[in-house]
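Peer 1: just to be clear, the model below is a prediction. Sequence and coordinates:
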Amino acid sequence: MRKLLKIGVLLIGFLMALAAPLLAQRTVSDASITYRVEMPPEQLQMEAMLAGSSMVQYIRGNHSRIDMNFNVVNYIYIINIREETVVTLMDNHGDKYLIRSDKKAYQADMKKYEATQFTDQKEIREIAGYKCRKAIGKMEDGTTFEVFYTIDLVPENREYNRRFVNLKGIPLEYEIVLRAGSKMRVIATKVDLSPVPASVFDLPRGYKEITAEELKKIRG
């Protein structure tokens, strides 16, 4: 009898050990993640100009928003996952523009990022209080970038950030490939899992609506 009891205790302990990683995971429907921005070291002039830049990722169910504050210019991306649309807001020294992307553009972007594959690496680091694993993301065109993500937080809707639709958790540090080929890095400084107000995803007033082609001309 004692032998059976001992075996039972050992079996329960074994099953609990297996379940521990699953119990630690939390499915996230609402979150606000604040990141600091680091520019590539080879762009010292830009790094000085953009010192103190930050990024905030908001998640609320089928809505997502990314605020990128670069001091000289600010971008806001408001994503409606259910309707498959993206609105881009740009504030360049008070010149404010609004650009809408339709379902066709949304689906084209989604298709591109669905091909991104992530390969886990051995390196582990703690970021904003969460244990994060390093992975290398490889895009369809062969471009690679680093990401550190936590499996403790799993997004309820994986399309909240299309570049990470295939990632097994939420990224708390990652590289963003710039048009020139260099890489900007964002590192989480705060993770807030409180409910995000619906008003965060309302479109602000005072922006002039333009097309994507007109935006390209403004950017030069």
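Peer 2: The structure has been received and is ready for your questions. Computed from a predicted structure; not experimentally measured. Numbering: from 1, shown residues only.
Peer 1: what number of residues lie near the closest residue to residue 206 other than its chain neighbours?
Peer 2: Of all residues not flanking residue 206 in the chain, residue 96 sits nearest, at 5.7 Å (CB to CB, 6 or more residues apart in numbering). Where you see a C-beta, it was placed from the backbone N, CA and C, and this is true even at glycine. Using other CB atoms under 10 Å, residue 96 has 15 neighbouring residues.
Peer 1: then residue 89?
Peer 2: There are 19 residues near residue 89, going by other CB under 10 Å.
Peer 1: output the below-cut-off pLDDT ranges for this protein.
Peer 2: Low-confidence segments of the chain (pLDDT under 70): 1-24, 41-50, 219-220.
Peer 1: next, the buried residues of stretch 63-76.
Peer 2: Going by neighbour count (16 or more other CB atoms under 10 Å), the buried part of stretch 63-76 is 63-70, 74, 76.
Peer 1: the spatially most central residue of the chain and residue 77, how far apart?
Peer 2: Against the mean C-alpha coordinate of the chain, by CA atoms, centre = their mean, the closest residue is residue 161 at 5.2 Å. Distance, residue 161 to residue 77, using CB to CB, to the nearest Å: 10 Å.
Peer 1: now for these two: what residues contact both?
Peer 2: When CB atoms under 8 Å, 6 or more residues apart in numbering defines a contact, the residues bordering residue 161 and residue 77 alike are 64, 66.
Peer 1: from residue 217, how far out is the nearest residue to residue 105 once chain neighbours are set aside?
Peer 2: Closest residue to residue 105 apart from its sequence neighbours, by CB to CB, 6+ apart: residue 86 at 7.4 Å. Distance, residue 86 to residue 217, by CB to CB: 20 Å.
Peer 1: who's more crowded, these two?
Peer 2: Using other CB under 10 Å, the more surrounded residue of residue 86 and residue 217 is residue 86, with 21 against 9.
Peer 1: good, we can wrap up now.
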